[in-house]
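K.L.:
Next comes the sequence, and after it the predicted model I'd like to discuss.
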Amino acid sequence: MMLADKRRTRRIRIGQPLKIRACDPKDAGVEEVNITRNVSRDGIYFISPIRTYTEGMRLYVTVPHHNPRDPKDREYLGQVVRVDRLADELCGVAIQFLTEVKPQ
């Protein structure tokens, strides 16, 4: 049986720097700088050594991420929609963007 693809927009394989941090204080250990595997207008996918990501978890995602901050950087409120358990204690994480967080 073939599973339906739930994607609404096309994905592009590209490695962009990103920063992820938890929204909820109970998930305070979730913060990292990483590289995307693929991106779309609606979300991102990346590989992480952090194994505490769970479906439904809300995160702040900055992509692309520069240090110091660049005007092209965008921060989003996102939600984990899939976690793939991979070899070598890694996981693949798919995040759907919910809304852009506007700078104050």
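P.N.:
Now that the structure is in, tell me what you want to look at.

K.L.:
Now do the helix or strand of the chain with the lowest mean pLDDT: everything it contacts.
P.N.:
Least confident helix or strand, the chain: strand 12-13 with a mean of 90, by mean pLDDT, DSSP states H and E. If you take CB atoms under 8 Å, 6 or more residues apart in numbering as the criterion, strand 12-13 is touched by 37, 38, 39, 40. Placement of C-beta: from N, CA and C, glycine included.

K.L.:
Let's see the ChimeraX selection covering just the buried ones among these.
P.N.:
Filtering those down to the buried ones (16 or more other CB atoms under 10 Å) takes a single ChimeraX command:
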select :37,38,39
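
K.L.:
now, which of the contacts of strand 12-13 lie within strands?
P.N.:
Judged by DSSP state E, strands contain the following of the contacts of strand 12-13: 37, 38, 39.

K.L.:
ok, now which ones touch the second one?
P.N.:
Meaning residue 38. Counted by CB under 8 Å, 6+ apart, residue 38 has contacts 11, 12, 13, 14, 44, 45.

K.L.:
Dump those residues into a markdown table; add distance to residue 77 and neighbour count as well.
P.N.:
As requested, the contacts of residue 38 are exported to a markdown table (distance: CB to CB, whole Å; neighbours: other CB atoms under 10 Å):
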| residue | distance to residue 77 | neighbour count |
| --- | --- | --- |
| 11 | 20 | 16 |
| 12 | 22 | 11 |
| 13 | 24 | 9 |
| 14 | 22 | 12 |
| 44 | 13 | 24 |
| 45 | 17 | 18 |
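
K.L.:
Output those residues as a markdown table; include the columns distance to residue 23.
P.N.:
Output for the contacts of residue 38, formatted as a markdown table (distance: CB to CB, whole Å):
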| residue | distance to residue 23 |
| --- | --- |
| 11 | 24 |
| 12 | 26 |
| 13 | 28 |
| 14 | 25 |
| 44 | 16 |
| 45 | 19 |
